[in-house]
Structures are given as structure tokens and as C-alpha cells.
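Undergrad: build me a structure from this.
(one chain, ligands or ions: 1)
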Amino acid sequence: MGRASSRAETKPMKNPINRLSLFAGLAAALLLAAGCQCPKSACCSKPASVAAIGAVAAPINKAAQAAITPQQALAELKAGNARFVAGHPLTRNLPADVKATASGQYPFAVVLSCIDSRQPIEIVLDQGIGDIFSARVAGNVLNDDVLGSMEFACKVSGAKLIAVIGHSNCGAIKGAVDDVQLGNLTGLLAKVKPAIDAVPADVQPRNSKNHEFVDKVAEANVRLVMQQIRERSPILREMLDKGQVGLVGGMYDLSTGEVHFFDK
Ligand SMILES: [Zn+2]
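TA: Model (predicted):
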């Protein structure tokens, strides 16, 4: 550990979220595992805890969460998805990560995604215990509870990025475009309806058999939710305007495992 700590102090990282090249991350992980309580020492203050050395990753810690920017948070989500797609996710010691995060959590992002079983968001973004807040609801629609959860994640817990990630071939979107009526699902699908109108009228036919239409509605739905987050939460809007948090949308491709993040 001494060697790792020394290298962490002499080689500060330009990108605190670069997991595979962070020596300080191992130091932080080892110190966490050892119960290090030195809040002002160099070892714990390095912005490095989402790091891995060799093949082992560690959960993000307080210093790393404070240091990461919204842009770096997005870069890490992209990098994590790239690792997943390549079949090279980080190796984690989950029992150790449970212990390391038991006394506190410092996630760097909050992600809203669909409940679809083929899109387990932590897995497809290669994030571990304590790394991201995850809100999942059919069609990744927004409601007051999800919005409140995002406010907690960002304003209270310090997350730096809000990501809304829809996916291809989404059953909830199909249900909405086919006007499915089913118990409480009816009200949920109603939240998707405005996204249908956002897709140009020349995209035909406008039903679930048209995969292009379904995916266009899903993407419009993500953009709508992003807009609603800003409009309906003065707390998040202020944080966004000040650059304290970022907001990004994206679409997960069920056939490739790739998340395509929107440019804007
Ligand atoms: Zn879905």
C-alpha cells in the first residue's frame, strides 16, 4: 500500500475517472478497506476512488465525487459502456465493495432508464456498487417521485450527471403507440403520448409493427423527459444553469449493447 500511496501522491491524475490508470484508486480502495479515517491526508483526498489498478475496481469515494466534473461523469459512462460492449468489464470484489460503501455513498451520476430486463443499467454501463443512482420505470418516463429522486441524487448526494437512457424495441413505447389500456399501465403510457406527436407525420405506419417509428418515439420520449426535468424542477434547473450538474440523453441498442448518447 505504501508504494501505491506514494505513486498516487507523485502522479496526480488529469482525469479522475480514468479507472484503469489510477494508482490512487487502489490506495483509496485499500485505505477504505482498512478503515482509513484520515479526512485531510493526501491518501484519502485524491480524486481517484472509482479507479482500478491491475484488474480490480473500487467504488467511488467522497473526494472523487467532489472532483469529477459533469463532462468527466459522462465520459465514464461512455467508457463503461465501451468496456461492456468489448466484453472487458472491470473486475470487482463485490463483498469488499459492500463493506467499503456501507458507511456512505458518493455516486457520480443518476440514471433514469426502463425496467426492461435486457437493459440492466449498471451492467451495460459497467458500474459497480455505489457508483450510480439508478431509477427504473417502464418507458423511462418522468413522474414526481423520479424527479424527487433526481433532486436527492444531485442536490443532497452530490451526483454530477443526470442521464436519461431509453432503448430500442421498447415494450412500453409499443404499448403507448398502440394505445394499450391496462390497469395502472394506462396512466403510465399516457406520459409517452406527447412523444408520439413529436415524431414527424411522414413516418408511417404509426404503430408497434413499425420498428423505426417505435424507436423514433422512444428517442423523442427521452428528449421530452430531459425537457421535463429542466421545466419541472427549479432545483435541478438552477444546478444545470450553474454547470454544477450535466444532463444527457441516450438510447441503448438491444441488439448491440451500445448506448448512443445524444450530442445535445
Ligand atoms: Zn422499455
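
Undergrad: helices or strands next to the one helix or strand residue 215 maps to in the packing?
TA: For residue 215, the host element (DSSP states H and E) is helix 211-232. Judged by 3 or more C-beta pairs under 8 Å, 6 or more residues apart in numbering; DSSP states H and E, helix 211-232 is in contact with helix 144-151, strand 161-167, helix 171-177, helix 193-197, helix 234-241, strand 246-252. For glycine as for every other residue, the C-beta is placed from the backbone atoms N, C-alpha and C.

Undergrad: name the residues of that helix that are buried.
TA: Going by neighbour count (16 or more other C-beta atoms under 10 Å), the buried part of helix 211-232 is 213-226, 228-229.

Undergrad: just the strands in the stretch 1-150 of the chain please.
TA: 52-53, 56-57, 91-92, 109-113, 132-136 (DSSP state E, counting those that start in this stretch).

Undergrad: now do the last one and strand 109-113, the angle between them.
TA: Using axes from the mean of the first three to the mean of the last three C-alpha atoms, to 10 degrees, the interaxial angle of strand 132-136 with respect to strand 109-113 works out to 20 degrees.

Undergrad: for residue 82, which of the helices and strands packed on helix 211-232 is the nearest?
TA: strand 246-252 (13.1 Å; C-beta to C-beta).

Undergrad: enumerate the positions of stretch 184-201 that are buried.
TA: Buried residues in stretch 184-201 (16+ other C-beta under 10 Å): 188-189, 191-192, 195-196, 199.

Undergrad: same list (those) but as TSV, adding pLDDT and distance to the ion.
TA: TSV is the format used below for these (pLDDT from 0 to 100; distance: C-beta to the ion, whole Å):
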residue	pLDDT	distance to the ion
188	98	11
189	98	11
191	98	13
192	98	10
195	98	13
196	98	15
199	97	17
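
Undergrad: quick one: residue 83 and residue 127 touch, right?
TA: No: in this structure, residue 83 is not within contact of residue 127 by C-beta atoms under 8 Å, at 10.1 Å.

Undergrad: next up, phi/psi of the closest residue to residue 176 other than its chain neighbours, please.
TA: Nearest non-adjacent residue to residue 176, counting by C-beta to C-beta, 6 or more residues apart in numbering: residue 192, 3.7 Å away. Per-residue torsions, residue 192: phi -90, psi -20 (degrees, to the nearest 10).

Undergrad: tell me the spacing between residue 192 and residue 71.
TA: According to C-beta to C-beta, to the nearest Å, residue 192 and residue 71 sit 30 Å apart.

Undergrad: between the two ends of stretch 166-174, how far is it?
TA: End-to-end distance for stretch 166-174, by C-alpha to C-alpha, to the nearest Å: 13 Å.

Undergrad: need the contact list for the spatially closest residue to residue 89 that is not a sequence neighbour.
TA: The spatial neighbour of residue 89 that comes closest, neighbours along the chain excluded (C-beta to C-beta, 6+ apart), is residue 126 at 4.5 Å. Listed by C-beta atoms under 8 Å, 6 or more residues apart in numbering, the contact set of residue 126 reads 79-81, 83-84, 89-90.

Undergrad: got it, and residue 182?
TA: residue 175.

Undergrad: wait, residue 90 touches residue 59, no?
TA: No: assessed by C-beta under 8 Å, residue 90 is found out of contact with residue 59, at 11.2 Å.

Undergrad: which one of the two has more residues nearby?
TA: Applying other C-beta atoms under 10 Å to residue 90 and residue 59 shows that residue 59 carries more neighbours, namely 26 against 19.

Undergrad: which parts of the stretch 101-250 of the chain sit against the ion?
TA: 114, 116, 170, 172 (C-beta under 5 Å from the ion).
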